[in-house]
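Peer 1: the amino acid sequence is not available; the structure is as follows:
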């Protein structure tokens, strides 16, 4: 599991850390001294080429195989997948795509961070390889609405448009900026569903969570003594699954009230588009009567093996701390719940096949 990077540090990456030299014609990045140069030298020594295809058509651009992983140049996303690419000089960041899958890349001595819809994707980083910016193919598969078929034996990677649910996700914002505090809460709103009641139920659930956080922020602000620095509150989110009549997303609720570090709470929501019901683990894996027992047996070993384990794990105490990815479910725990703050949010990924009888689908009971 990757080491957590605090949100305060991650925020600092946004100013003055990415070189302004990406040549949009060729996708070249200048080689800076220090981190970028040493990273590139290593990359040149061990990388090999792979064939890139889009919906079965071979592209003139090539990917890179490095450390057993397939990497795709950002120019492939621009020129072949036709995603708009822009550069923000003030923020020193490159952004590709649009809407709620808009992806931002920041280069720094900490690493080449990736943000989707302003949500920090901690499991993926970009890479400078041979003077070009590359992204892991898993990013396209997990967050950007594509299915990636990668064959290491043939050396070919095919990026295919994924069939998604017919709906639109847009961002609603609750914002206040005053002397005592800055609040910006960005949260999702669903539209375009044929079932308006289901749509309203989903949006009500999401807004209720955000407004509860906002009410807590207002209470914190009212309790200020007046000597503390300006408080900060924000919410970001990312959609992780949007298929098979189900949508799943993760929401990060961050607050900084002047302590040693800010604090983040994570919420996750998985909904049936049929009726707007918020789904629990049992709704998805109930075809296996022993799913919870199996999960607890696996988690008992994994959680207690964490280097910063604090003790106290006795099994799942909620069925809400999860989100879906392609053919997988990701369970997580909160900061400090069972591990030290520096460990971040412990996450544990299980395939649907691990938890269900052969041939069963987690969505069979909700379609």
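Peer 2: Perfect, thanks for sending it. Model, not experiment: these values are computed from the prediction.
Peer 1: any idea how the protein splits into domains?
Peer 2: Using automatic domain parsing, the domain parsing of the chain gives 7-161, 168-355.
Peer 1: compare the ones you listed and say which comes out lowest on pLDDT.
Peer 2: Mean pLDDT values for those show the minimum at domain 7-161, a mean of 78.
Peer 1: from the chain's centre, how far out does that one sit?
Peer 2: Domain 7-161 sits 15 Å away from the centroid of its parent chain (Cα atoms, centre = their mean, to the nearest Å).
Peer 1: please shift the residue numbers so they start at 45 in all later answers.
Peer 2: With 45 as the first residue, the last one maps to domain 51-205.
Peer 1: before we move on, back to that, between the domains of the chain, which one is nearest to residue 405?
Peer 2: domain 212-399 (7.4 Å; Cβ to Cβ). From N, CA and C alone the C-beta is placed, and that goes for glycine too.
Peer 1: quick one on the thing from earlier: would TSV of the domains of the chain with distance to residue 405 and mean neighbour count be doable?
Peer 2: Shown next, in TSV, are those (distance: least, Cβ to Cβ, whole Å; neighbours: other Cβ atoms under 10 Å):
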stretch	distance to residue 405	mean neighbour count
domain 51-205	17	17
domain 212-399	7	16
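Peer 1: can you redo these as a markdown table with distance to residue 408?
Peer 2: Formatted as a markdown table, the domains of the chain follow (distance: least, Cβ to Cβ, whole Å):
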| stretch | distance to residue 408 |
| --- | --- |
| domain 51-205 | 21 |
| domain 212-399 | 7 |
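Peer 1: please look at residue 318 and residue 411 and confirm they touch.
Peer 2: Yes - the pair residue 318 and residue 411 qualifies as a contact (Cβ atoms under 8 Å) at a distance of 6.8 Å.
Peer 1: any shared contact partners between those two?
Peer 2: residue 289 (Cβ atoms under 8 Å, 6 or more residues apart in numbering).
Peer 1: which strand or helix spans the spatially most central residue of the chain?
Peer 2: With distances taken as Cα atoms, centre = their mean, the residue of the chain nearest its centroid is residue 165 (4.2 Å). For residue 165, the element it lies in under DSSP states H and E is strand 163-169.
Peer 1: what pairs with that strand, and is each one parallel or antiparallel?
Peer 2: strand 155-160 (antiparallel) (DSSP bridges).
Peer 1: give me the contacts around the partner strand.
Peer 2: 49, 54, 57, 145-150, 164-165, 168-172, 177, 179, 183, 187-188, 282.
Peer 1: could you rerun that using 7 Å?
Peer 2: 54, 57, 145, 147-150, 164-165, 168-171, 179, 183, 187, 282 (Cβ atoms under 7 Å, 6 or more residues apart in numbering).
Peer 1: now do stretch 315-331
Peer 2: For stretch 315-331, contacts defined as Cβ under 7 Å, 6+ apart pick out 209, 237, 241-243, 245-246, 249, 289-291, 313-314, 335, 363-364, 366, 399-401, 404, 406, 409-411.
Peer 1: apply 8 Å and report the result again.
Peer 2: Contacts of stretch 315-331 (Cβ under 8 Å, 6+ apart): 209, 211, 237, 239, 241-246, 249, 289-292, 313-314, 335-336, 339, 360, 363-364, 366, 373, 399-401, 404, 406-411.
Peer 1: quick one, longest helix in the chain?
Peer 2: What stands out as the longest helix in the chain, according to DSSP state H, is helix 240-266.
Peer 1: related to what we said a few turns ago, after the strand holding residue 165 comes which helix or strand?
Peer 2: Next along from strand 163-169, by DSSP H and E: strand 171-173.
Peer 1: what lines up beside that following strand in the sheet?
Peer 2: strand 176-180 (antiparallel).
Peer 1: and residue 130, what helix or strand is that in?
Peer 2: Per DSSP H and E, residue 130 falls inside strand 129-132.
Peer 1: residue 298 against residue 261, yeah?
Peer 2: No - the pair residue 298 / residue 261 is not scored as a contact, 10.5 Å apart, by Cβ under 8 Å.
Peer 1: what do those two both touch?
Peer 2: residue 277.
Peer 1: no further queries at this time; thank you.
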